[in-house]
Structures are given as structure tokens and as C-alpha cells.
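Q: 3D model of this:
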Amino acid sequence: MGLWEFDSIAEGISIADAIAKNAPIAMITTGTTHPGKYLVLVSGDTGSVLVALDVVSDAEPATLIDHVFLPDIDPVVADAVVTGSFVSPSTGDAVGIVETSSVAAAIEGADAAVKDSGVNLAVLRLADGLGGKAFFILDGSIEDVFSSVAAATHQCGARLVGSTVIPQLTDEIRADLASSSIFRSTLMGEDGSP
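A: Okay, here's the model as predicted:
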């Protein structure tokens, strides 16, 4: 999987078109995110994504915010990226939250975290409604969550905004995370009323 984040929508669309024309990739998904960024996500065999990586090397360097190339992305992370689905944090001993300045960093950090130890990737939120930032939530034993958060924060480096490990998350916060991490939607009922 490869993902590129551009701060120029025009440049992002141009690069996406060049990838579609030149790389025999299995899937390409593109679109805008907040605040005015353009994402290009591709997947396929490693060789095809490497061709896309070569195409992106022709992009205007000043427009490329961040990128990630994961030739062996964990299937759980790939599924969370593509479907946007999440599993609510279970009743594990602890949750870990990692917040990043870019979508690429969150994907890379989540992949490192899941591969580090036996944690559950409970939530992966990317860009929209977050001012272009991203975050993910891990769930598992205290030791595994601490280890996975450390692996993720190391992988994210300067792109890390913040991280924390919370032992024994309260039932109220766990329920809020299960419904949505978007404040407005937690205030509103399913019928749209408060």
C-alpha cells in the first residue's frame, strides 16, 4: 500500500492521473480531506506500488506533505484504511491513543503498533473532522499496549502530536468511543435530536 498527502489539490489530481496511466495497480482511491489536502491511496503487488512511487517522485516536492509505502502492511490496518470501519475498544486492560499530524503517519504508526504485539486496532480516524490530523486507538493488555504505543511513537517520529496509555478505561468513555469519536454525533441521538 502507498499513500501520498498533498497540500495542492491540483498537484494531487495530476499525480493520481499519472499513477492511473502508468502503474498497473489493483486499486486507486483519491480525494480531498481537511484542511484542503488531497490524498492518493494505491494498493496492489509491491512492484506495481513501486511504479506508483516512481511516478510520485516527479511531483512538485513542496506540495507533498507526507507519504507512506508499506509493502507488507498488516491486513487489519489495510482493512481499517480502506473500509474506515472500527471495532469499539473491548474490555482490555488498557487503551493506547496515538495522534499524528498526518494520515500517512497514522497508517505507518498503526502498522508498527499492530505488528509489535497482540493489540487490537480499535479505531483508525483519518483527516476529516480532525483538521488533517489522524489518530488510532489500541486495546489490549497493559504490557502490550505500552509496547505497541512505544513502537508507534518511534515510527511516527516528528509527526507525532501526542500519545497516551490509559489503564482500565472507564465504561462511560469506552461507550463514547464505541459510538463515535466525533463530539457532535455523540451529543445527537440516532434521530438527529439531542
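
Q: Check the gap between Thr32 and Glu5 for me.
A: 11 Å (C-beta to C-beta, to the nearest Å). (Each C-beta comes from the backbone N, C-alpha and C, glycine too.)

Q: intersection of neighbour lists for the two?
A: Common neighbours of Thr32 and Glu5, counting by C-beta atoms under 8 Å, 6 or more residues apart in numbering, are Tyr38, Leu39.

Q: Can you tell me how far Ala127 is from Asp7?
A: 12 Å.

Q: Looking only at neighbour counts, state which of the two leads.
A: Higher neighbour count among Ala127 and Asp7: Ala127, with 20 against 16, using other C-beta atoms under 10 Å.

Q: which ones are touching that one?
A: Per C-beta under 8 Å, 6+ apart, neighbours of Ala127: Thr33, His34, Lys37, Leu39, Val103, Lys133, Ala134.

Q: And the strands in this protein?
A: 2-6, 27-33, 37-43, 64-69, 94-100, 120-126, 134-140, 160-167 (DSSP state E).

Q: could the ones you listed be laid out in JSON lines, adding distance to Val82 and mean neighbour count?
A: Formatted as JSON lines, these follow (distance: least, C-beta to C-beta, whole Å; neighbours: other C-beta atoms under 10 Å):
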{"stretch": "strand 2-6", "distance to Val82": "11", "mean neighbour count": "26"}
{"stretch": "strand 27-33", "distance to Val82": "8", "mean neighbour count": "15"}
{"stretch": "strand 37-43", "distance to Val82": "8", "mean neighbour count": "23"}
{"stretch": "strand 64-69", "distance to Val82": "14", "mean neighbour count": "20"}
{"stretch": "strand 94-100", "distance to Val82": "19", "mean neighbour count": "24"}
{"stretch": "strand 120-126", "distance to Val82": "10", "mean neighbour count": "22"}
{"stretch": "strand 134-140", "distance to Val82": "15", "mean neighbour count": "25"}
{"stretch": "strand 160-167", "distance to Val82": "24", "mean neighbour count": "14"}
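
Q: How about Thr29: which residues does it bridge to?
A: Leu41 (DSSP bridges).

Q: residue ranges with poor pLDDT in the chain?
A: Where the chain drops to pLDDT under 70, the residues are 84-91, 178-194.

Q: ok, and the closest non-adjacent residue to Ala78?
A: In space, and not counting its chain neighbours, Ala78 is closest to Met1: 6.0 Å by C-beta to C-beta, 6 or more residues apart in numbering.

Q: The one you found and Asp45: what is the separation?
A: Taken as C-beta to C-beta, the span from Met1 to Asp45 is 11 Å.

Q: now Leu177
A: 35 Å.

Q: out of those two, which sits in the busier spot?
A: Per other C-beta under 10 Å, whichever of Leu177 and Asp45 has more neighbours is Leu177, with 20 against 11.
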